[in-house]
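Chemist: No letters, just coordinates:
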């Protein structure tokens, strides 16, 4: 999921970089957030997935239903907080704020699409074992 998240924010930041100046410090912050929040969100979803001994198909729905709202609330809160840096007068902080928001949004996107898709396949059974 880390590689997928990095690919997602790289594509998004390509478009953002045409609209505003991105400082050299921004990718470092984005990578740190990708590692931290991406792993945290994935582990939270996996703990919800393993919580019950029900059919494989129902486990994914249970995981999203019970863990998704917590992750979504956390991600949106962090994105809004980092976007608040855009109101400060320094270009470096604006750049970091946008980059961090894109990184968190990419982690949310990957954890709500790739993780359930992987867990629904035979590979998901292998990952759990």
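Modeler: Cool, the structure landed. In this text the structure is predicted, and so the values were computed from the model without any measurement.

Chemist: so is the most far-flung residue of the chain relative to its centre in a helix, a strand, or just coil?
Modeler: Distance to the chain centre peaks in the chain at residue 89, reaching 27.4 Å (criterion: CA atoms, centre = their mean). Secondary structure for residue 89, judged by DSSP: H, G, I helix; E, B strand; the rest coil, is coil.

Chemist: Mind pulling up the pLDDT for it?
Modeler: You'll see residue 89 listed with a pLDDT of 92.

Chemist: Residue 106 versus that one, what's the distance?
Modeler: 27 Å (CB to CB, to the nearest Å). The C-beta positions use only the backbone N, C-alpha and C, and glycine is treated the same way.

Chemist: Then residue 85?
Modeler: For residue 85 relative to residue 106 (CB to CB), the value is 18 Å.

Chemist: and these two? which has more neighbours close in?
Modeler: residue 106 (25 against 18; other CB atoms under 10 Å).

Chemist: Confirm for me that that one is in contact with residue 34.
Modeler: Yes. Residue 106 is within contact range of residue 34, at 7.3 Å (criterion: CB atoms under 8 Å).

Chemist: okay, and the common contacts of the two?
Modeler: 5, 6, 9 (CB atoms under 8 Å, 6 or more residues apart in numbering).

Chemist: Mind pulling up the pLDDT for the second one?
Modeler: When you say that, I think you mean residue 6. pLDDT, read off for residue 6, is 92.

Chemist: quick one, what contacts it?
Modeler: 31, 34, 106.

Chemist: Could you pick out which of these are located in helices?
Modeler: The members of the contacts of residue 6 that map onto helices under DSSP state H are 31, 34, 106.
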